[in-house]
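Visitor: What follows is a protein structure lacking sequence information:
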């Protein structure tokens, strides 16, 4: 579901919602919220009941909403809610195979809910965000509407006779972003949340981190979503059908070009990656009216802070992330803030990149329904007593699930080592930036990739350290004091690496660092759990860029950068 869809959602028959009053649990100044009785559900082939509705958003915009009920009983049922920009049926989350939601049957996609949910006695509500597929309105690109639409949906669910008023919110990736905004409504009916490979601080923490642009994720996402915007969205663009068709054709060609350049290992081959990030960016600004609003938000720290809903979620959350997912850093920070405020959060860290989460084999446990069974049904299944943090070591997807009472992980006191200065300066050419090779990304090459293909470049140097005499565990955050002897103003990328006995230079963590002349630069890497083998040598690789993963609104650094030695601090303990 997170991958760009190239097909149009099959036409569906929709039941009109009518009548009703204000939202449950308090008055609402928004649209009237209809009550949908059991008589409006029909039996689906897959063994549950389904109603296909147009539920009004905060301003009355009609949003496609699909409700699935267990095949038997009148309820009321505990209810799971997801909001999504993607098509129905949803891709399962929580480590369940895709066939649990997409049965191999000859029927419409809307008939196929998530039988794993309804078979366990849950009502399932999936709402398609405004401007997407068959939902009316303009797709907001998460800049506006989603908070109010989410709260309106929760109030609507509270009114329904088939819901017992105990609601669980769940989702992953962009669906998780929209769902967490619904969870931020603060409604007391929300008893628990499951958040997978996502973040409640999507724009500030993921797309515009520290004033930069996560370009490798943003550009393909915005162009790719254009194909599945609704007819109502397209009708509001002020363009003819022929013009829209031509723009979508250009978007498809642009996506093909940018992915080809990534695959070739030289993203700068595509002018789409290198274009200035401006409000009138071609295609994106024409097919997505909120594009300029999105960029304006990215340049405004106050706006980004307002869009961060971390502190508005007041329910227990089970956070699941991958060591090399683009959401990872933001998700971990949100977990820390929510745990400090509430004390009822849990974190599970698996190994892999963003799309590896869809592989059930990556999951040593399938915790989502156990989480909801406890908080929504009151089952004494021990979920509340799970370790605060559960994790596998990075690079060991099949490794045992370890635990910790704290995050960041509590490792041994830092071991300090000196890294020798590189043998030459970096020579930076903004017209040919260092390509992204590994890290926490969506579309660019991600993970703990070997850095040797970059080491012959003039804009990449290595600072080598001594080999470890025995295997060690890295548990926590690494820090570096890097000596800069000569540099202009701009960004470089500092990478923590493991030079392994077989010669591989494995990327562990990377950080974008802003230079402003000579001096000592402190670099802080995100915490990690990783096993060094005997003979491995922790060190650094410094590159002029990680393109197109990160871009800045400021001019790129150019010319020569001369580095001295570095002090590397690692929290190491015996394996």
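Guide: Alright, I've got the coordinates. Computed from a predicted model, the values in this text were never measured in an experiment. Numbering: from 1, shown residues only.

Visitor: tally of neighbours for the residue nearest to residue 399 when sequence neighbours are not counted?
Guide: Closest residue in space to residue 399, ignoring its immediate chain neighbours: residue 392 at 4.6 Å, by CB to CB, 6 or more residues apart in numbering. Bear in mind the C-beta positions are built from the backbone N, C-alpha and C, glycine included. A count of nearby residues for residue 392, using other CB atoms under 10 Å, gives 22.

Visitor: how would you label residue 78: helix, strand or coil?
Guide: strand (DSSP: H, G, I helix; E, B strand; the rest coil).

Visitor: neighbours around the closest residue to it other than its chain neighbours, how many?
Guide: Closest residue to residue 78 apart from its sequence neighbours, by CB to CB, 6+ apart: residue 376 at 4.0 Å. For residue 376, the neighbour count with other CB under 10 Å is 22.

Visitor: Each with direction, which strands does the helix or strand that contains residue 67 pair with?
Guide: If you go by DSSP states H and E, residue 67 is part of strand 62-69. Strand 62-69 sits in its sheet next to strand 49-56 (antiparallel), strand 123-128 (antiparallel), going by DSSP bridges.

Visitor: nearest spatial neighbour of residue 292, skipping sequence neighbours?
Guide: residue 279 (3.9 Å).

Visitor: Ok, residue 55 next?
Guide: Sequence neighbours aside, residue 65 is the residue nearest to residue 55 in space, at 4.2 Å (criterion: CB to CB, 6+ apart).

Visitor: tell me which residues form a beta bridge with the one you found?
Guide: Note on residue 65: beta-bridge partners residue 53, residue 127, judged by DSSP bridges.

Visitor: can you pull the contacts of it?
Guide: 52-55, 125-128, 153 (CB atoms under 8 Å, 6 or more residues apart in numbering).

Visitor: Identify the farthest-apart pair in those residues.
Guide: Pairwise distances across these (CB to CB) peak at 15.2 Å, for the pair 52 and 153.

Visitor: which one of these two has more residues nearby?
Guide: Neighbour tally, residue 52 and residue 153, criterion other CB under 10 Å: the higher count belongs to residue 153, 29 against 20.

Visitor: Can you list the buried residues in the strand or helix carrying the more buried one?
Guide: Using DSSP H and E, residue 153 sits within helix 146-159. Within helix 146-159, the residues scored as buried using 16 or more other CB atoms under 10 Å are 146-147, 149-159.

Visitor: from the residues you listed, which is closest to residue 366?
Guide: Nearest to residue 366, judged by CB to CB, of those is residue 157 at 24.7 Å.

Visitor: Would you confirm that the closest one contacts residue 163?
Guide: Yes. With contact defined as CB atoms under 8 Å, residue 157 reaches residue 163; the gap is 5.3 Å.

Visitor: shared neighbours of the two, which are they?
Guide: Here residue 157 and residue 163 have residue 79 as joint contacts, going by CB under 8 Å, 6+ apart.

Visitor: Tell me where the chain is predicted with low confidence.
Guide: The chain contains residues with pLDDT under 70 at 1-30, 102-106.

Visitor: distance between the longest strand anywhere in it and the chain's centre?
Guide: Ranked by residue count, the top strand of the chain under DSSP state E comes out as strand 559-574. Centre-to-centre, strand 559-574 and its host chain are 30 Å apart (CA atoms, centre = their mean, to the nearest Å).

Visitor: what pairs with that strand, and is each one parallel or antiparallel?
Guide: When DSSP bridges is applied, strand 559-574 pairs with strand 414-419 (antiparallel), strand 426-428 (antiparallel), strand 472-476 (antiparallel), strand 479-486 (antiparallel).

Visitor: show me where the protein has helices.
Guide: In the chain, the segments counted as helices under DSSP state H are 115-118, 146-159, 173-183, 202, 215-225, 231-235, 241-263, 271-274, 284-287, 291-298, 301-307, 328-342, 368-377.

Visitor: would TSV of these with distance to residue 568 be doable?
Guide: Formatted as TSV, those follow (distance: least, CB to CB, whole Å):
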stretch	distance to residue 568
helix 115-118	46
helix 146-159	42
helix 173-183	34
helix 202	32
helix 215-225	28
helix 231-235	50
helix 241-263	31
helix 271-274	32
helix 284-287	41
helix 291-298	33
helix 301-307	31
helix 328-342	20
helix 368-377	39
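
Visitor: nearest to residue 409, of these?
Guide: Set against residue 409 and scored by CB to CB, the helices of the chain come closest in helix 328-342, at 10.9 Å.

Visitor: Give me the contacts around that closest one.
Guide: Residues contacting helix 328-342 (CB under 8 Å, 6+ apart): 195, 197-202, 205-206, 209, 310-311, 313-314, 316-317, 319, 321-322, 325, 345, 347, 388, 407, 440, 526-527.

Visitor: Got a quick PyMOL command for the buried subset of those residues?
Guide: With 16+ other CB under 10 Å as the criterion, this PyMOL line picks the buried residues out of the contacts of helix 328-342:
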select buried, resi 195+197+198+199+200+201+202+205+206+209+310+313+314+316+317+319+321+322+325+345+347+388+407+440+526+527
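
Visitor: mind listing which of the contacts of helix 328-342 are in strands?
Guide: The strands, defined by DSSP E, take in 195, 317, 319, 321-322, 347 from the contacts of helix 328-342.

Visitor: Which members of the residues you listed are the farthest-apart pair?
Guide: Between any two of those, the greatest separation by CB to CB is 16.8 Å, found for 317 and 322.

Visitor: burial count for residue 515?
Guide: Around residue 515 there are 18 residues (other CB under 10 Å).

Visitor: Over to residue 275?
Guide: For residue 275, the count of nearby residues is 12 (other CB under 10 Å).

Visitor: how about it, what does it touch?
Guide: Applying CB under 8 Å, 6+ apart to residue 275 gives the contacts 281-282.

Visitor: So what does it look like in phi/psi?
Guide: Phi and psi for residue 275, reported as degrees, to the nearest 10, are phi -60, psi 150.

Visitor: With residue 553 as the reference, measure out to it.
Guide: 13 Å (CB to CB, to the nearest Å).

Visitor: residues contacting the spatially most central residue of the chain?
Guide: The centroid of the chain falls nearest to residue 198 when counting by CA atoms, centre = their mean (3.6 Å). Contact analysis of residue 198 by CB under 8 Å, 6+ apart lists 171-177, 179-180, 327, 331.

Visitor: how about these in JSON lines, adding neighbour count and distance to residue 384?
Guide: Below are the contacts of residue 198 laid out as JSON lines (neighbours: other CB atoms under 10 Å; distance: CB to CB, whole Å):
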{"residue": "171", "neighbour count": "27", "distance to residue 384": "22"}
{"residue": "172", "neighbour count": "28", "distance to residue 384": "23"}
{"residue": "173", "neighbour count": "27", "distance to residue 384": "27"}
{"residue": "174", "neighbour count": "21", "distance to residue 384": "29"}
{"residue": "175", "neighbour count": "25", "distance to residue 384": "26"}
{"residue": "176", "neighbour count": "30", "distance to residue 384": "22"}
{"residue": "177", "neighbour count": "26", "distance to residue 384": "26"}
{"residue": "179", "neighbour count": "29", "distance to residue 384": "22"}
{"residue": "180", "neighbour count": "28", "distance to residue 384": "21"}
{"residue": "327", "neighbour count": "28", "distance to residue 384": "25"}
{"residue": "331", "neighbour count": "27", "distance to residue 384": "21"}
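
Visitor: Correct me if wrong: residue 207 contacts residue 215.
Guide: No. Look at residue 207 against residue 215 with CB under 8 Å: they stay out of range, at 9.3 Å.
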